[in-house]
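Novice: this is the structure alone, sequence omitted:
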DNA sequence: AATATAAAGTCACATTTGTAACTAACAAGC
DNA sequence: GCTTGTTAGTTACAAATGTGACTTTATATT
């Protein structure tokens, strides 16, 4: 590798890009639904992957469990999410979207989709493939759906 | 448009990747020099680009000026940075590294370099080129608001 | 059964951040 | 001179976050 510049420093670049790309979208879920980023993320997981526990969300999103706890509390007060005792383990609560939460998710999801498409539109198909693959590898995402049988 | 997954949502991926990749490095500048991330970033800018004002750092790093202000205050108390009245405009202060700051920068810079090389080592040369190029384009992107009617 | 260990989730406290108001210095217009 | 507006940087207060302790429940060992 040749000369090392700030412009080639990956964590820095990722941060800059993350700031830049999430700015306008955050104003939307905040303005429309008065949601914080952690709430949007939790809602996204529940809407996209279906009902799961707070621990599942924490594992998949890599957010700390206290952040999840607070986000869920907010979403519950907004009547977006409900808790259920579903297993024989009374410690864990299965979270699922209520109608209002489902509507908010559908709305924001479609906006996210368009926003994402717009961001990616500047890249060629080959660049898109490599970019997404590299980012997934860098983030070491654990996107495996929750396996109930393991719990 | 095909199936849209969280794993393909660029702002989300960027955030995850940014968190993941800056984690181990942050423990270094925190453990060795008791610096927060904003301090490290400000120090990085001063070390890499040379003396500049707080406003310059804010503009280049896209951090808010209050964050910069607090970071500079900390760096000044650690005797890493000094302020100078250099122009005829007495509002602005030129910031530059003091010897201890320069040493900290050199140390951390070389670690960042190795850390970066290690992060990139998992990618092929072609992937590296595309990844860095895409990230640079994403971080400089100035998107028009997708839909004004949303506000 | 009794004990120890661990997990799900919450709470309390301290740190960090965002927002808006603020001071001080400049700059333009009248 | 005097406004009016702008910029550099700081401060104060509110909001968000990280950390660790805590409660309750489950599991493993003896």
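Specialist: Yep, that arrived. All values reported here derive from a predicted model rather than from experimental measurement.
Novice: which residues does the nearest residue to residue A:18 once chain neighbours are set aside contact?
Specialist: In space, not counting the residues next to it along the chain, residue A:18 is nearest to residue B:14; the distance is 3.8 Å by CB to CB, 6 or more residues apart in numbering or on different chains. Bear in mind the C-beta positions are built from the backbone N, C-alpha and C, glycine included. Going by CB atoms under 8 Å, 6 or more residues apart in numbering or on different chains, residue B:14 touches A:14, A:17-18, A:21-22, A:135, B:138.
Novice: name the residues of chain A found near DNA strand D, please.
Specialist: A:36-38, A:63-64, A:66-67, A:70, A:88-91 (CB under 7 Å from any atom of the strand).
Novice: near DNA strand C, which of these show up?
Specialist: Within the residues of chain A next to DNA strand D, those near DNA strand C by CB under 7 Å from any atom of the strand are A:66, A:91.
Novice: now for the residue nearest the centre of chain A: which residues touch it?
Specialist: For chain A, the residue nearest the mean C-alpha position is residue A:41 (3.6 Å; CA atoms, centre = their mean). Residue A:41 makes contact with A:57, A:61, A:63, A:71, B:12 under the criterion CB under 8 Å, 6+ apart.
Novice: lowest-confidence entry in these?
Specialist: Scanning these for pLDDT, the low point is residue B:12. It has 84.
Novice: residue A:28 reaches residue A:111, doesn't it?
Specialist: Yes: between residue A:28 and residue A:111 there is a contact under CB atoms under 8 Å: 6.0 Å.
Novice: higher neighbour count, the two?
Specialist: Neighbours were counted for residue A:28 and for residue A:111 using other CB atoms under 10 Å in any protein chain shown; residue A:28 has more, 21 against 17.
Novice: can you find the helix or strand of chain A with the lowest average pLDDT?
Specialist: Lowest by mean pLDDT, DSSP states H and E among the helices and strands of chain A is helix A:10-33, with a mean of 86.
Novice: hang on, residue A:18 packs against residue B:20?
Specialist: No: Residue A:18 is beyond contact range of residue B:20, at 11.5 Å (criterion: CB under 8 Å).
Novice: looking at those two, which one has more neighbours?
Specialist: Remark: of residue A:18 and residue B:20, residue A:18 carries more neighbours, 23 against 17, as counted by other CB under 10 Å.
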